[in-house]
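# Structure of the sequence below:
(4 chains)
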Number of protein chains: 2
Amino acid sequence: MLSKSSTYAIRAVLYLSLNSNEEKKFSPWQIADDIDIPAPFLAKTLQELTRRNFISSKKGRNGGFYLSDDNRLNSLISIVNAIDGLGKFKECALGLSECNGSNPCPLHNAITPLRNKLINELSDKTIADYTREMKEGKIHVF
Amino acid sequence: MLSKSSTYAIRAVLYLSLNSNEEKKFSPWQIADDIDIPAPFLAKTLQELTRRNFISSKKGRNGGFYLSDDNRLNSLISIVNAIDGLGKFKECALGLSECNGSNPCPLHNAITPLRNKLINELSDKTIADYTREMKEGKIHVF
DNA sequence: ATAAAAATATGATATTTATCATATAAAAAG
DNA sequence: CTTTTTATATGATAAATATCATATTTTTAT
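Below you'll find the model as predicted:
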(Lines give C-alpha, C1' and ligand atoms only; values in the text may rest on other atoms or scores of the structure.)
Protein backbone atom coordinates (compact mmCIF):
# COMPACT_ATOMS: atom_id res chain seq x y z
CA MET A 1 0.00 0.00 0.00
CA LEU A 2 2.73 2.43 1.01
CA SER A 3 6.09 2.50 -0.79
CA LYS A 4 9.26 1.84 1.14
CA SER A 5 10.11 5.53 0.80
CA SER A 6 6.87 6.50 2.51
CA THR A 7 7.21 4.05 5.36
CA TYR A 8 10.80 5.12 5.93
CA ALA A 9 9.73 8.75 5.84
CA ILE A 10 6.98 8.22 8.40
CA ARG A 11 9.20 6.24 10.73
CA ALA A 12 12.02 8.78 10.47
CA VAL A 13 9.71 11.71 11.09
CA LEU A 14 8.17 10.05 14.13
CA TYR A 15 11.62 9.14 15.38
CA LEU A 16 12.76 12.75 15.03
CA SER A 17 9.57 14.00 16.62
CA LEU A 18 10.24 11.82 19.65
CA ASN A 19 13.97 12.48 19.97
CA SER A 20 15.03 15.69 18.29
CA ASN A 21 14.64 19.43 18.70
CA GLU A 22 16.52 22.58 17.64
CA GLU A 23 19.29 21.73 20.08
CA LYS A 24 19.46 18.00 19.36
CA LYS A 25 19.91 17.01 15.73
CA PHE A 26 20.51 13.69 14.02
CA SER A 27 22.45 12.44 11.01
CA PRO A 28 20.81 10.02 8.56
CA TRP A 29 23.17 7.33 9.82
CA GLN A 30 22.09 7.69 13.44
CA ILE A 31 18.43 7.56 12.47
CA ALA A 32 18.89 4.68 10.04
CA ASP A 33 20.81 2.72 12.62
CA ASP A 34 18.19 3.25 15.32
CA ILE A 35 15.13 2.42 13.25
CA ASP A 36 16.94 -0.22 11.19
CA ILE A 37 16.59 0.95 7.61
CA PRO A 38 19.17 1.54 4.82
CA ALA A 39 20.98 4.81 5.50
CA PRO A 40 21.80 6.02 1.94
CA PHE A 41 18.22 5.58 0.89
CA LEU A 42 16.96 7.34 4.00
CA ALA A 43 19.37 10.22 3.35
CA LYS A 44 17.70 10.83 0.01
CA THR A 45 14.25 10.67 1.55
CA LEU A 46 15.24 13.09 4.32
CA GLN A 47 16.44 15.59 1.73
CA GLU A 48 13.11 15.40 -0.06
CA LEU A 49 11.28 15.90 3.24
CA THR A 50 13.47 18.91 3.99
CA ARG A 51 12.82 20.41 0.59
CA ARG A 52 9.10 20.08 1.26
CA ASN A 53 9.35 21.53 4.77
CA PHE A 54 8.25 18.43 6.64
CA ILE A 55 11.49 18.31 8.59
CA SER A 56 14.20 20.84 9.39
CA SER A 57 17.93 20.61 8.79
CA LYS A 58 21.09 22.48 9.47
CA LYS A 59 24.35 22.07 7.56
CA GLY A 60 27.87 22.10 8.92
CA ARG A 61 29.36 21.15 12.21
CA ASN A 62 26.74 20.19 14.82
CA GLY A 63 24.19 20.19 12.03
CA GLY A 64 21.71 17.48 11.25
CA PHE A 65 18.02 16.81 10.88
CA TYR A 66 15.41 17.69 13.49
CA LEU A 67 11.77 18.61 13.91
CA SER A 68 10.58 22.09 14.76
CA ASP A 69 7.32 22.65 16.60
CA ASP A 70 5.84 23.77 13.31
CA ASN A 71 6.93 20.54 11.63
CA ARG A 72 5.01 18.65 14.30
CA LEU A 73 1.71 20.10 13.12
CA ASN A 74 1.73 18.16 9.86
CA SER A 75 -0.39 15.07 9.24
CA LEU A 76 0.93 11.71 8.11
CA ILE A 77 -1.22 11.86 4.99
CA SER A 78 0.57 15.01 3.86
CA ILE A 79 3.87 13.13 4.09
CA VAL A 80 2.52 10.18 2.14
CA ASN A 81 1.11 12.61 -0.38
CA ALA A 82 4.48 14.31 -0.78
CA ILE A 83 6.38 11.05 -1.31
CA ASP A 84 3.98 8.66 -3.06
CA GLY A 85 1.06 10.86 -3.98
CA LEU A 86 -2.46 9.76 -3.14
CA GLY A 87 -3.08 7.80 -6.34
CA LYS A 88 -3.24 4.48 -4.56
CA PHE A 89 -5.97 5.82 -2.30
CA LYS A 90 -8.05 7.38 -5.02
CA GLU A 91 -7.67 5.36 -8.20
CA CYS A 92 -9.86 2.36 -8.95
CA ALA A 93 -8.49 -0.75 -7.28
CA LEU A 94 -9.03 -2.72 -10.47
CA GLY A 95 -7.43 -0.05 -12.63
CA LEU A 96 -10.62 0.98 -14.42
CA SER A 97 -10.70 4.58 -15.55
CA GLU A 98 -14.48 4.79 -15.64
CA CYS A 99 -15.04 3.51 -12.12
CA ASN A 100 -16.97 5.74 -9.73
CA GLY A 101 -19.94 5.79 -7.41
CA SER A 102 -22.56 5.62 -10.11
CA ASN A 103 -20.63 3.14 -12.25
CA PRO A 104 -18.71 1.06 -9.71
CA CYS A 105 -16.33 -1.82 -10.28
CA PRO A 106 -16.87 -4.97 -8.18
CA LEU A 107 -14.50 -3.70 -5.49
CA HIS A 108 -15.53 -0.06 -5.46
CA ASN A 109 -18.29 -0.20 -2.88
CA ALA A 110 -16.27 -2.37 -0.53
CA ILE A 111 -13.06 -0.39 -0.75
CA THR A 112 -14.07 3.25 -1.06
CA PRO A 113 -15.56 3.75 2.43
CA LEU A 114 -12.57 2.00 3.99
CA ARG A 115 -10.11 4.15 2.06
CA ASN A 116 -11.95 7.30 3.05
CA LYS A 117 -11.97 6.31 6.67
CA LEU A 118 -8.23 5.69 6.54
CA ILE A 119 -7.54 8.99 4.78
CA ASN A 120 -9.56 10.81 7.43
CA GLU A 121 -7.69 9.16 10.26
CA LEU A 122 -4.34 9.99 8.70
CA SER A 123 -5.45 13.54 7.97
CA ASP A 124 -6.89 14.43 11.35
CA LYS A 125 -4.01 13.41 13.61
CA THR A 126 -0.84 15.49 13.67
CA ILE A 127 2.70 14.30 14.21
CA ALA A 128 2.39 15.84 17.66
CA ASP A 129 -0.64 13.63 18.38
CA TYR A 130 1.22 10.49 17.41
CA THR A 131 4.21 11.62 19.44
CA ARG A 132 2.05 12.01 22.53
CA GLU A 133 0.78 8.45 22.04
CA MET A 134 4.33 7.20 21.64
CA LYS A 135 5.35 8.88 24.90
CA GLU A 136 2.37 7.27 26.60
CA GLY A 137 3.61 3.92 25.34
CA LYS A 138 0.47 3.29 23.30
CA ILE A 139 2.24 2.96 19.94
CA HIS A 140 5.76 2.21 18.70
CA VAL A 141 7.89 2.78 15.61
CA PHE A 142 10.79 0.47 16.48
CA MET B 1 -2.70 -2.40 -3.28
CA LEU B 2 -3.28 -5.11 -5.86
CA SER B 3 -0.64 -5.96 -8.47
CA LYS B 4 -1.46 -5.62 -12.13
CA SER B 5 -1.47 -9.41 -12.35
CA SER B 6 -4.17 -9.63 -9.72
CA THR B 7 -6.37 -6.94 -11.20
CA TYR B 8 -6.05 -8.52 -14.65
CA ALA B 9 -6.87 -11.91 -13.16
CA ILE B 10 -9.98 -10.63 -11.42
CA ARG B 11 -11.21 -8.77 -14.47
CA ALA B 12 -10.58 -11.76 -16.74
CA VAL B 13 -12.31 -14.18 -14.39
CA LEU B 14 -15.34 -11.93 -14.09
CA TYR B 15 -15.38 -11.46 -17.84
CA LEU B 16 -15.31 -15.21 -18.36
CA SER B 17 -17.93 -15.71 -15.70
CA LEU B 18 -20.23 -13.34 -17.53
CA ASN B 19 -19.58 -14.57 -21.05
CA SER B 20 -18.21 -18.09 -21.15
CA ASN B 21 -19.35 -21.64 -20.48
CA GLU B 22 -18.31 -25.15 -21.51
CA GLU B 23 -19.68 -24.50 -24.99
CA LYS B 24 -18.33 -20.96 -25.37
CA LYS B 25 -14.64 -20.50 -24.80
CA PHE B 26 -12.29 -17.56 -25.24
CA SER B 27 -8.70 -17.03 -26.31
CA PRO B 28 -6.45 -14.68 -24.31
CA TRP B 29 -6.53 -12.26 -27.24
CA GLN B 30 -10.31 -12.02 -27.31
CA ILE B 31 -10.43 -11.40 -23.58
CA ALA B 32 -7.54 -8.95 -23.60
CA ASP B 33 -9.10 -7.05 -26.45
CA ASP B 34 -12.48 -6.81 -24.74
CA ILE B 35 -11.26 -5.72 -21.32
CA ASP B 36 -8.37 -3.70 -22.74
CA ILE B 37 -5.29 -5.22 -21.13
CA PRO B 38 -2.03 -6.57 -22.67
CA ALA B 39 -2.69 -9.97 -24.16
CA PRO B 40 0.69 -11.72 -23.70
CA PHE B 41 0.72 -10.81 -20.03
CA LEU B 42 -2.85 -11.96 -19.59
CA ALA B 43 -2.00 -15.25 -21.32
CA LYS B 44 0.55 -15.97 -18.63
CA THR B 45 -1.85 -15.06 -15.86
CA LEU B 46 -4.58 -17.26 -17.35
CA GLN B 47 -2.21 -20.20 -17.38
CA GLU B 48 -1.44 -19.69 -13.73
CA LEU B 49 -5.14 -19.48 -12.94
CA THR B 50 -5.72 -22.69 -14.88
CA ARG B 51 -2.95 -24.47 -13.01
CA ARG B 52 -4.59 -23.45 -9.75
CA ASN B 53 -8.05 -24.48 -10.92
CA PHE B 54 -9.64 -21.06 -10.83
CA ILE B 55 -10.52 -21.23 -14.50
CA SER B 56 -10.91 -24.07 -17.00
CA SER B 57 -9.26 -24.53 -20.36
CA LYS B 58 -9.32 -26.80 -23.32
CA LYS B 59 -6.55 -27.21 -25.87
CA GLY B 60 -6.81 -27.59 -29.61
CA ARG B 61 -9.35 -26.51 -32.13
CA ASN B 62 -12.39 -24.82 -30.56
CA GLY B 63 -10.47 -24.74 -27.33
CA GLY B 64 -9.95 -21.78 -25.06
CA PHE B 65 -10.57 -20.57 -21.55
CA TYR B 66 -13.92 -20.71 -19.77
CA LEU B 67 -15.49 -20.93 -16.36
CA SER B 68 -17.22 -24.05 -15.08
CA ASP B 69 -19.98 -23.83 -12.51
CA ASP B 70 -17.47 -25.08 -9.97
CA ASN B 71 -15.06 -22.28 -10.86
CA ARG B 72 -17.80 -19.79 -10.09
CA LEU B 73 -17.89 -20.81 -6.45
CA ASN B 74 -14.49 -19.31 -5.69
CA SER B 75 -14.01 -16.00 -3.88
CA LEU B 76 -12.02 -13.07 -5.19
CA ILE B 77 -9.73 -13.23 -2.18
CA SER B 78 -8.66 -16.76 -3.14
CA ILE B 79 -7.62 -15.45 -6.55
CA VAL B 80 -5.67 -12.57 -5.05
CA ASN B 81 -4.11 -15.02 -2.64
CA ALA B 82 -3.03 -17.28 -5.50
CA ILE B 83 -1.45 -14.48 -7.52
CA ASP B 84 -0.09 -11.95 -5.00
CA GLY B 85 -0.40 -13.73 -1.70
CA LEU B 86 -2.05 -11.98 1.22
CA GLY B 87 1.11 -10.33 2.54
CA LYS B 88 -0.08 -6.83 1.74
CA PHE B 89 -3.20 -7.44 3.80
CA LYS B 90 -1.48 -8.95 6.79
CA GLU B 91 1.96 -7.41 7.16
CA CYS B 92 2.54 -4.21 9.09
CA ALA B 93 1.85 -1.18 6.92
CA LEU B 94 5.05 0.45 8.17
CA GLY B 95 7.11 -2.71 7.66
CA LEU B 96 7.71 -3.40 11.34
CA SER B 97 8.16 -7.05 12.20
CA GLU B 98 7.13 -6.62 15.81
CA CYS B 99 3.86 -4.86 15.11
CA ASN B 100 0.68 -6.43 16.47
CA GLY B 101 -2.39 -5.71 18.57
CA SER B 102 -0.55 -5.44 21.84
CA ASN B 103 2.43 -3.60 20.38
CA PRO B 104 0.94 -1.55 17.55
CA CYS B 105 2.64 0.80 15.12
CA PRO B 106 1.01 4.21 14.59
CA LEU B 107 -1.04 2.93 11.68
CA HIS B 108 -1.97 -0.47 13.07
CA ASN B 109 -5.17 0.44 14.88
CA ALA B 110 -6.45 2.51 11.99
CA ILE B 111 -5.64 0.01 9.28
CA THR B 112 -6.24 -3.42 10.76
CA PRO B 113 -10.03 -3.25 11.17
CA LEU B 114 -10.38 -1.83 7.66
CA ARG B 115 -8.22 -4.55 6.18
CA ASN B 116 -10.19 -7.23 8.00
CA LYS B 117 -13.45 -5.82 6.79
CA LEU B 118 -12.16 -5.85 3.22
CA ILE B 119 -10.84 -9.40 3.50
CA ASN B 120 -14.22 -10.53 4.81
CA GLU B 121 -16.09 -8.89 1.98
CA LEU B 122 -13.79 -10.44 -0.60
CA SER B 123 -14.01 -13.82 1.11
CA ASP B 124 -17.76 -14.04 1.52
CA LYS B 125 -18.90 -13.26 -2.00
CA THR B 126 -18.39 -15.81 -4.77
CA ILE B 127 -17.67 -15.16 -8.43
CA ALA B 128 -21.29 -16.20 -9.01
CA ASP B 129 -22.46 -13.46 -6.65
CA TYR B 130 -20.50 -10.80 -8.48
CA THR B 131 -21.73 -12.15 -11.80
CA ARG B 132 -25.33 -11.81 -10.67
CA GLU B 133 -24.66 -8.19 -9.74
CA MET B 134 -23.05 -7.58 -13.12
CA LYS B 135 -26.10 -9.01 -14.90
CA GLU B 136 -28.31 -6.75 -12.79
CA GLY B 137 -26.19 -3.82 -13.99
CA LYS B 138 -25.06 -2.93 -10.48
CA ILE B 139 -21.33 -3.30 -11.16
CA HIS B 140 -19.04 -3.32 -14.20
CA VAL B 141 -15.60 -4.60 -15.19
CA PHE B 142 -15.24 -2.70 -18.46
C1' DA C 1 41.69 31.47 7.28
C1' DT C 2 41.51 26.60 7.55
C1' DA C 3 39.83 22.16 8.47
C1' DA C 4 36.19 19.23 9.68
C1' DA C 5 31.41 17.92 9.84
C1' DA C 6 27.31 17.46 7.74
C1' DA C 7 23.64 18.44 4.24
C1' DT C 8 22.89 18.55 -0.87
C1' DA C 9 22.90 17.07 -5.58
C1' DT C 10 23.52 13.69 -8.69
C1' DG C 11 24.24 9.49 -10.61
C1' DA C 12 25.27 4.27 -10.62
C1' DT C 13 23.68 -0.42 -9.51
C1' DA C 14 20.42 -3.88 -8.25
C1' DT C 15 15.98 -5.85 -7.61
C1' DT C 16 11.30 -6.36 -8.60
C1' DT C 17 7.37 -6.00 -11.48
C1' DA C 18 5.39 -5.69 -15.84
C1' DT C 19 5.43 -6.61 -20.69
C1' DC C 20 6.52 -9.03 -24.88
C1' DA C 21 8.04 -13.05 -27.85
C1' DT C 22 8.75 -17.70 -29.25
C1' DA C 23 9.15 -22.57 -29.40
C1' DT C 24 6.65 -26.81 -27.90
C1' DA C 25 2.79 -29.90 -26.96
C1' DA C 26 -1.90 -31.26 -27.22
C1' DA C 27 -6.34 -31.74 -29.36
C1' DA C 28 -9.64 -31.69 -32.96
C1' DA C 29 -11.16 -31.46 -37.80
C1' DG C 30 -10.75 -32.91 -42.29
C1' DC D 1 -2.42 -39.12 -40.51
C1' DT D 2 -1.73 -34.47 -41.47
C1' DT D 3 -2.84 -29.80 -40.73
C1' DT D 4 -4.56 -26.28 -37.96
C1' DT D 5 -5.81 -24.26 -33.73
C1' DT D 6 -4.95 -23.23 -29.24
C1' DA D 7 -2.95 -23.92 -24.59
C1' DT D 8 1.66 -24.50 -22.22
C1' DA D 9 6.32 -23.56 -20.90
C1' DT D 10 10.00 -20.72 -20.87
C1' DG D 11 12.72 -17.03 -21.55
C1' DA D 12 13.88 -12.07 -23.22
C1' DT D 13 13.10 -7.11 -22.76
C1' DA D 14 11.44 -2.93 -20.51
C1' DA D 15 10.04 -0.02 -16.78
C1' DA D 16 9.64 1.14 -12.15
C1' DT D 17 11.39 0.87 -7.35
C1' DA D 18 14.72 0.43 -4.19
C1' DT D 19 19.50 0.65 -2.80
C1' DC D 20 24.20 2.30 -2.81
C1' DA D 21 28.13 5.61 -3.77
C1' DT D 22 30.45 9.95 -4.49
C1' DA D 23 31.59 14.61 -5.38
C1' DT D 24 30.15 19.32 -3.97
C1' DT D 25 28.58 22.98 -1.04
C1' DT D 26 27.60 25.02 3.29
C1' DT D 27 28.43 25.92 8.02
C1' DT D 28 30.88 26.16 12.26
C1' DA D 29 34.71 25.38 15.47
C1' DT D 30 39.45 26.11 16.04
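
# alpha carbons only for contacts and neighbour counts from here, please
OK.

# Excluding chain neighbours, what is closest to residue A:32?
Distance criterion Cα to Cα, 6 or more residues apart in numbering or on different chains; nearest residue to residue A:32, sequence neighbours excluded, is residue A:39 at 5.0 Å.

# Report the contact partners of residue A:53.
By Cα atoms under 8 Å, 6 or more residues apart in numbering or on different chains, residue A:53 lies in contact with residue A:71.

# after the helix or strand residue A:122 falls within, next one along is what?
When elements are assigned from DSSP states H and E, residue A:122 belongs to helix A:108-124. Heading C-terminal from helix A:108-124, the first helix or strand you meet, by DSSP H and E, is helix A:127-135.

# which outside residues touch that following helix?
Identification of contacts with helix A:127-135 by Cα under 8 Å, 6+ apart yields A:14, A:17, A:18, A:71, A:72, A:73, A:74, A:75, A:76, A:139, A:140, B:106.

# From residue A:121, how far out is the last one?
Meaning residue B:106. In this view, residue B:106 and residue A:121 are 11 Å apart by Cα to Cα, to the nearest Å.

# neighbour-wise, which of the two wins?
residue B:106 (24 against 17; other Cα atoms under 10 Å in any protein chain shown).

# In three-state terms, label residue A:37 for me.
Three-state call for residue A:37 (DSSP: H, G, I helix; E, B strand; the rest coil): coil.

# tally of neighbours for it?
Neighbourhood size, residue A:37 [other Cα under 10 Å]: 16.

# Test my guess that it contacts residue A:9.
No. Assessed by Cα atoms under 8 Å, residue A:37 is found out of contact with residue A:9, at 10.5 Å.

# for residue A:44, phi and psi?
Main-chain torsions, residue A:44, degrees, to the nearest 10: phi -60, psi -40.

# can you check residue A:92 too?
Taking degrees, to the nearest 10 as the convention, residue A:92 sits at phi -60, psi 130.

# Chain neighbours aside, what residue packs nearest to it?
Per Cα to Cα, 6+ apart, closest to residue A:92 is residue A:99, 6.2 Å.

# list the contacts for the one you found?
By Cα under 8 Å, 6+ apart, the contact list for residue A:99 reads A:92, A:105, A:108.

# so the closest residue to DNA strand D within chain A, which of the three states?
Among the residues of chain A, residue A:60 lies closest to DNA strand D, at 3.3 Å counting by Cα to the nearest atom of the strand. For residue A:60, the assignment made with three-state DSSP gives coil.

# Show the pLDDT at residue A:82.
Looking at residue A:82, its pLDDT reads 88.

# actually residue A:104, not the one I wrote
Looking at residue A:104, its pLDDT is 95.
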